[in-house]
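Visitor: I would like the atomic coordinates for the input below:
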Amino acid sequence: QVQLVESGGGLVQAGGSLRLSCAASGSFASINGMGWYRQAPGKQRELVATITRGMTTHYADSVKGRFTISKDNAKNMVYLQMNSLKPEDTGIYYCQGTIVTMLPRSERDYWGQGTQVTVSS
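Guide: As a prediction, this is how the structure comes out:
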């Protein structure tokens, strides 16, 4: 069974920084891409950043220049360094992974439980 577990959320003042981590565990063949999404109260879940197996990154316009996504393929982990945080960055941050499993072979998205990030003004 594949699991994604996030850590690193918390409360920070505006202008501060946080680093989120996500670890993938379980039985799988490979991870084809990972990402971070967030959901603010009363809003839909939105993409924050993604990174492919080949390390190509993509960011939402709202976080470009402030957030950095990175991945450690050997450890099956993805990170999100968040700098210059703003109150509007507040929300639950979810880790996502496109993971290939065997027996039977399948490729699908898995999600973590989420970690709360709160930015105070």
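Visitor: pretty sure Pro6 is touching Gly97, no?
Guide: One correction, residue 6 is Glu, not Pro. No - here Glu6 lies out of contact with Gly97, judged by C-beta atoms under 8 Å, at a distance of 11.2 Å. To be clear about C-beta, it is placed using only N, CA and C from the backbone, and glycine gets the same treatment.
Visitor: overlap of the contact sets of those two?
Guide: Cys22 (C-beta atoms under 8 Å, 6 or more residues apart in numbering).
Visitor: can you tell me what sits against stretch 111-118?
Guide: For stretch 111-118, the surrounding residues in contact (C-beta under 8 Å, 6+ apart) are 3-12, 18, 20, 22, 38-39, 82, 85, 89-96.
Visitor: rerun at 10 Å
Guide: Under the contact criterion C-beta atoms under 10 Å, 6 or more residues apart in numbering, stretch 111-118 has outside partners 3-12, 18, 20-24, 36-40, 45, 80, 82, 85, 87, 89-97.
Visitor: over to stretch 82-89?
Guide: For stretch 82-89, contacts defined as C-beta under 10 Å, 6+ apart pick out 8-9, 12-20, 36, 38, 40, 48-49, 62-63, 65-69, 93, 117-121.
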